[in-house]
Each structure stands twice: as structure tokens, then as C-alpha cells.
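S.K.: Here is my input, please return the structure:
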Amino acid sequence: MTINLKEKERLDELQRNGYKIIQNPEKFCFGMDAVLLSGFARAGEGDRVLDLGTGTGIIPILMEAKTRAAHLTGLEIQEESADMAMRSVALNNLQDKIVIVQGDLKEAGTLFGAASFDVVTCNPPYMTSNHGLQNPGEPKAIARHEILCTLEDVVSQAAGLLKPGGNFFMVHRPFRLAEIMVLLHEYKLEPKRMQLVYPYVDKEPNMVLIEANRGGRPRITVEKPLIVYKEPGVYMPEIYDIYGY
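M.R.: Numbers count the residues shown, from 1 in each chain. I've put the predicted structure just below:
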């Protein structure tokens, strides 16, 4: 299918099933955190998956390639990002598997109904409004700072949207880990699996991947650390595998 690119948009290869994605580097492009989340998240055959704050649709598209989920939905509040996501879905001929909905994450329960999904994923804004916020109306600021939604909004909506026994997958920053765990417990999402991501073996972690189960029993598995770079510009083998190189 031929899709016309708008001004300043580009087409990026995803190294999976020949899929491509439309992005505008002046707005916001997906990062490694989204790719790592798509590799960490799990979806079984027949599962219905929702990605909260999907941006340009990177996580649903990658998870369609990596899992046997029956259907994936991406929810995005920003019109330009949602439009790019919709056109990327069409470009890859995935209209039967992926739907992009433009709407507010805080109203997801109303949009989709309670207990509608087996899996919910989210790569939310990491920073609170106190963390060096500039130009709050810009797409990059909205993607990085809690301007239009908070961490509690994400967790509470995920809890309501998941079926009993369903799983929530999120990538975030380690400095907010205590807050994340408190909120997960508060909304009856039991942390089940966690993995810290380190840029280099001798550096502090800069990402954390978390899986929580709705109504699950207390027990968490901490997986071995994921190291990104062997040396500057050279990924570790696990990262090449996640990217599909």
C-alpha cells in the first residue's frame, strides 16, 4: 500500500516482518525503551492487547510481529501522532489486527469498558511536571512529562481495563520504582517480574521493565540485568536480538 508522507515525516524500517513506521523527528520518535518493552511484554494466542499512550504505534506494531495476540489497540491523545500511527498500520496492511484510537488515557475505561483486555502495555511519561519542564504544549514535552496523565492515571486505568488474571507491562525509570510498586499494590496489580536495564555494565540502571498481574499472588521474579552496550556504538547480543538485527 502506498501512503503519502507529510512534510518532515520519514519512513523507518523496524527489522521485523518488513514492517515500517512513519515518524516526524521534529515531534517525537520512539526510543529504545519502547523496543525493549515490546520484547519484555508477553501476549498469548488469542489475547486482546491495549497500548496506552501509543504515540506513533510502535509497540502494537512490534508486538503484532513478535506475538500471537489476536488483536491490538493503541490509544493516543495527540492527533498528529495518532494519525501517523493509523497510516503506519495501513502501510503495513495490519488494519485487521491493529486499531488506533485517538482519545484520552484518563478516559480509557469509558472508551473500552472494564475488563476488556488480556494485556495492557504502557511506555508512559517518566518525568513529573517539576522535572525541567519547558514548552508544555509540545509533543516531545507531552511524551516525556506528566502533563496530560500521571503515573497513577496509567496504573488505575490499566487495572480497570484488565480482565482478572490479565497482565500489565510497563517501562519506566528506576528513580520512581518505590512509587510504582506502591501504586501497583494500591490498584491490585501484583508485581510479578522486573528487569533493570543498564546502559553499560559499570553504570547505574536507567530503565526498569515491570510486569504485574491483576489479582495475582505476591511473588516477584527479578530477571538478570539487561546491558545495552558492549562498547560505544556496539550493542550487546541480547539487544540485537530484541531489535531483530
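S.K.: from here on, contacts and neighbour counts on C-alpha atoms
M.R.: Fine.
S.K.: Name the residues of the helix of greatest length in the chain that are buried.
M.R.: Ranked by residue count, the top helix of the chain under DSSP state H comes out as helix 79-91. The neighbour-count check on helix 79-91 (16 or more other C-alpha atoms under 10 Å) flags 80-91 as buried.
S.K.: tell me how far that helix is from the chain's mean position?
M.R.: Centroid separation between helix 79-91 and its chain, computed with C-alpha atoms, centre = their mean, to the nearest Å, is 16 Å.
S.K.: How about stretch 66-82?
M.R.: Its chain's average C-alpha position is 10 Å from that of stretch 66-82, according to C-alpha atoms, centre = their mean.
S.K.: Now do the SS call for residue 209.
M.R.: When the structure is split into helix, strand and coil by DSSP: H, G, I helix; E, B strand; the rest coil, residue 209 lands in strand.
S.K.: Kindly tell me how buried it is, as a neighbour count.
M.R.: With neighbours defined by other C-alpha atoms under 10 Å, the count for residue 209 comes to 23.
S.K.: which residues does it contact?
M.R.: Applying C-alpha atoms under 8 Å, 6 or more residues apart in numbering, we find residue 209 in contact with 37, 40, 169-172, 194-197.
S.K.: about what we covered before: who are the packing partners of the longest helix of the chain?
M.R.: Contacts of helix 79-91 with other secondary structure elements, assessed using 3 or more C-alpha pairs under 8 Å, 6 or more residues apart in numbering; DSSP states H and E, are made with strand 20-23, strand 98-102.
S.K.: Now mean pLDDT too, for these, in JSON lines please.
M.R.: As requested, the helices and strands packed on helix 79-91 are arranged in JSON lines below (pLDDT from 0 to 100):
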{"stretch": "strand 20-23", "mean pLDDT": "96"}
{"stretch": "strand 98-102", "mean pLDDT": "98"}
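S.K.: and of those strands, who's closest to residue 112?
M.R.: When those are ranked by distance to residue 112, counting by C-alpha to C-alpha, first place goes to strand 98-102 at 10.2 Å.
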